[in-house]
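Asks: Compute the structure for the input listed below.
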Amino acid sequence: MLRYATAVFAFCFLVFALPAHPQGKPASGVTQTDTAKIAGTVRDPKGVAAPHASLSLSTPTETVAQSESDAQGQFSFSALPAGTYRLAATLPGLVAVTDDLQLQPGETRQLDLSLQLSAVDEHVVVSASFGDLPATQTASSVSVVTADEMANRDNQGISDVLRELPGVAVADSGRRGGVTSAFIRGGNSNYNLVMVDGIPINQFGGDFDVSPLPTDGVAQLEVVRGGESALYGPDAVTGVVNLVTETGDGPPHFDVLAEGGSYDTYRLSAGGAGSYHGFNWSYDLSRLGSAGVVANDNYRNQSAFISLGYSRSLRRQFVVHFFGDANNAGVPGPYGSDPDNLFTGIDTVSRDLQNLFGYQIGETEQFSSRIRQVSTVSVSTDKYYFISPFGNSFENNYKIVANSRSEITLAPTDLLVAGFEYNREDYEDTFVADATSTPFVVSRTSLAPFVENRWRPSRRWTVIAGLRVDNILTGSLPPDAFGERPLLPASTVVKVNPRGAVSYLLRQSGSQSTWGATRLHTSGGTGISPPDGFELGFTTNLNLKPELSITADVGIEQRLFGDRVLVDLTYFSNHFKDQIVTLGGILTNLSTFSSANLNNSQAQGTEFSVRAQPLRSLEVSGQYTWLDSEVQALDGTTLAESPYQVGQPLLRRPRNSGSYDVTWRRGRFRLNSNGYARGWVLDLEPNDGTYACSLDLPCLFRNHGYFLMNAGFGVRTFHDVELFGQLNNLLDQKYEEVLGYPAYRLNFMAGIRFHLSTESTATKRP
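Replies: Here you go, the predicted structure:
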């Protein structure tokens, strides 16, 4: 393993150490007089200059630059190679997009962008392909939620944001800091790759509890639905969740938030961003605490985001990202529904302590107008310490990912990306021990070449195809103390993962047309999830393989009423095979507690979403998901894994779910209402889970649905100071998202936000 790591880091060092072009000059092969420039002013529908509008400049195959208009609404992009570009500007509820701009060598193009009401999402997505793409060009099923939208709903955690997205089901164990799982399109909770600024932070085997992730400091949340292992390798089985933090641009600005409310809950956040002579920076520090509703229900979470960058031109860019989270949560147990009468009382001892950290350094080098090299090295650590009445335990996860790719422009409408990734994971757990009962480190390495081609033969077509080959090497495991696990030698598994996405603009129409543009989109791919530490630690199977998904979707997107309404309807189908089960010898010839690839399941359904911007002051959105999931027979039998039955729905996946969000702004005032509805789900006995069935007790139960409604307000007092408040569970519903764990009843939060900027106070953010 060491020789592979040495080779990868030597390669990355050579990439980083390549001699630079003279500072301030364009890339090789492009002289200063050859470059072009775009400059102009962004104006609102009334013709007034619009400050702080987000701008993105794209070629037919990628986004090449992003910026923000200044206090006078002005912007500029310089040192651009001649070619075809597309410029988009956005403010909440407003969009302006140019037609294709043909820039000649040495040309300076002056533009005035006139923002118009629009529900179309023109934000740049960084996780749906290699490199950045406008959301309208990804061809995959992608949802983007901005910081402004999260603030309107007063979302404190990412789990609250995920719950309202199409195709995503969230199972929250009833309190702040309680274990929270996300299921994308019927996949297991360990089938989602979770990243912060591109840093993978999943545990060994893909598990991840989303409850600690804050919204503070997050510029936008991206969720890509579908098998994405061709892009990211292991863990991207049914989707990718990526938190994108703010990038410093323009004069420094700072934000401070303080709020408090029911259950002695408080939330504090301070952040800022800016740039100076090629250096850019951003940071956010936050803390959330709560006393909870019962004994040992208190919670504390502290998070930090820091990003640093340096770039004097499009030719060379450096970036450093850091994410840290430390949380401490009491575990009182399932004090709600108790269908088998097994609850013995509040647990006043158990606690979960977690320290999660992620680091990344990256460099982009533009060797010529056609060739660019992008290299990153990411490190993440996730350490748990569990305190319980039965003894304390620990779990340590460590991951390093080194990735380098070449982006080659074959033609103005054709981009080829090829590269190599090294991924090393280590896992250590109290209960995964050798013959002397001493915990040992389980290691796994993935070596993966990959390739992707993005082709836009015309404005109507977008075609993306990719392939990745993962060579997964798992280290040897020593025998255990009970004689159930023999010496397992090191093993190697090779998995090939393809991916494709196509979109076609079936109907073009002017922005003022009642029946607007119609776009068809489809995507498909595979995903892999290697065994986790427990599955490896409790196996006698020498050939334990990764779990596999085969996913596909097809949909239609329709614009209406001059782009003020956007509707999308998508059908998806997922098949999961080689799922790992641990069984005795009743259904199969397995020995006791042996793990094997036997389980199969599938999920299909439809996602419907709508966004509307009928007025500048009114934003409306909603989504509905219908999911049909079922357990299938174990390989070689007609039975399912006990105690499940063939045809049963998968655990905690609702057949019906939906959400809405309405935001109204008028002058200094803002009102918001949002809600989420979920149908019934199949759930587990809350105390003993499936073990209750071995006691001749029922262990599977129907958990009824619920409707959650929230409402909030905001009022700007002077300058950029806002007072805000939020009523959660407005209808005071009694429900349990996870059986046995009561959700909060009617509760409130209220607080204040400050925005401080070095720009003239005469210019306010819209």
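
Asks: pretty sure residue 291 is touching residue 264, no?
Replies: Yes - under the criterion of C-beta atoms under 8 Å, residue 291 lies in contact with residue 264, with a separation of 3.8 Å. Backbone N, C-alpha and C define where each C-beta goes, glycine included.

Asks: Quick check: mean pLDDT of the strand ranked longest in the chain?
Replies: Secondary structure of the chain per DSSP state E: the longest strand is strand 594-615. The average pLDDT within strand 594-615 is 90.

Asks: Whatever helix or strand comes next after that strand pairs with which strands?
Replies: Going down the chain from strand 594-615, the next helix or strand is strand 618-632, by DSSP states H and E. Strand pairing for strand 618-632, determined by DSSP bridges: strand 594-615 (antiparallel), strand 656-666 (antiparallel).

Asks: With residue 281 as the reference, name the closest of those.
Replies: Taking C-beta to C-beta, strand 656-666 is the member of these nearest to residue 281, at 30.3 Å.

Asks: Check which residues of that closest one are buried.
Replies: Under the neighbour-count criterion of 16 or more other C-beta atoms under 10 Å, strand 656-666 has 657, 658, 659, 660, 661, 662, 663, 664, 665 buried.

Asks: cool, and stretch 546-554?
Replies: Along stretch 546-554, the positions that meet the burial threshold by neighbour count (16+ other C-beta under 10 Å) are 546, 547, 548, 549, 551, 552, 553, 554.

Asks: So residue 106 belongs to a helix, correct?
Replies: No - under the criterion used here (DSSP: H, G, I helix; E, B strand; the rest coil), residue 106 is coil, not part of a helix.

Asks: can you count the residues close to it?
Replies: Here the count is done by other C-beta atoms under 10 Å, and residue 106 has 13 residues near it.

Asks: what's the answer for residue 492, then?
Replies: Taking other C-beta under 10 Å as the neighbour definition, residue 492 ends up with a count of 10.

Asks: State whether residue 477 and residue 533 are indeed in contact, as I suppose.
Replies: No - with contact taken as C-beta under 8 Å, residue 477 and residue 533 are classed as non-touching, separated by 10.2 Å.

Asks: Pick out whichever of these two has more residues nearby.
Replies: Using other C-beta under 10 Å, the more surrounded residue of residue 477 and residue 533 is residue 533, with 24 against 21.

Asks: Helices of the chain, residue ranges please.
Replies: Assigned by DSSP state H, the helices in the chain fall at 2-17, 147-152, 158-162, 229-232, 533-537, 691-694.

Asks: In terms of mean pLDDT, which of those helices ranks lowest?
Replies: Within the helices of the chain, the least confident segment by mean pLDDT turns out to be helix 2-17, at a mean of 39.

Asks: For residue 477 and residue 533, list the residues in contact with both.
Replies: residue 442 (C-beta atoms under 8 Å, 6 or more residues apart in numbering).

Asks: My guess is residue 367 contacts residue 374. True?
Replies: No - in this structure residue 367 lies outside contact range of residue 374 using C-beta under 8 Å: 11.4 Å.

Asks: Who has more neighbours out of the two?
Replies: residue 374 (20 against 17).

Asks: list the contacts for the more buried one?
Replies: When contacts are counted by C-beta under 8 Å, 6+ apart, residue 374 touches 130, 131, 362, 363, 364, 365, 404, 405, 407, 419.

Asks: again, but for residue 129
Replies: Applying C-beta under 8 Å, 6+ apart as the definition, the contact partners of residue 129 turn out to be 138, 140, 231, 452, 454, 464.

Asks: Ok, residue 535 next?
Replies: Taking C-beta under 8 Å, 6+ apart, we find residue 535 in contact with 205, 544, 580, 582, 595.

Asks: likewise residue 135?
Replies: Contacts were defined as C-beta under 8 Å, 6+ apart; by that measure residue 135 touches 121, 122, 123, 124, 125, 142, 144.

Asks: which one is the spatially most central residue of the chain nearest to, not counting chain neighbours?
Replies: With distances taken as C-alpha atoms, centre = their mean, residue 241 lies nearest the centre of the chain, 1.5 Å away. Nearest non-adjacent residue to residue 241, counting by C-beta to C-beta, 6 or more residues apart in numbering: residue 194, 4.8 Å away.

Asks: I'd like the distance between residue 697 and residue 338.
Replies: Look at residue 697 and residue 338: by C-beta to C-beta, to the nearest Å, they are 12 Å apart.

Asks: With residue 236 instead?
Replies: Distance from residue 236 to residue 338, counting by C-beta to C-beta: 38 Å.

Asks: And these two? Which one has more around it.
Replies: Legend: neighbour count by other C-beta under 10 Å for residue 236 and residue 338, higher for residue 236 (33 against 15).

Asks: which residues sit in contact with the more buried one?
Replies: Contact analysis of residue 236 by C-beta under 8 Å, 6+ apart lists 192, 193, 227, 228, 229, 527.

Asks: Equivalent analysis for residue 550, please.
Replies: Contact analysis of residue 550 by C-beta under 8 Å, 6+ apart lists 227, 524, 526, 574, 575, 577.

Asks: try 6 Å
Replies: Applying C-beta atoms under 6 Å, 6 or more residues apart in numbering to residue 550 gives the contacts 526, 575.

Asks: again with residue 110
Replies: Residue 110 is in contact with residue 40, counting by C-beta under 6 Å, 6+ apart.

Asks: Who is it paired with across the strands?
Replies: The residues listed as beta-bridge partners of residue 110 by DSSP bridges are residue 39.

Asks: So that it lines up with my notes, have the first residue be 40 from now on.
Replies: Yes, from this point I'll number from 40; that puts the last item at residue 149.

Asks: so how far is residue 115 from it?
Replies: 10 Å.

Asks: do residue 346 as well
Replies: According to C-beta to C-beta, residue 346 stands 23 Å off from residue 115.

Asks: Please apply the same query to residue 289.
Replies: Taking C-beta to C-beta as the measure, residue 289 falls 12 Å from residue 115.
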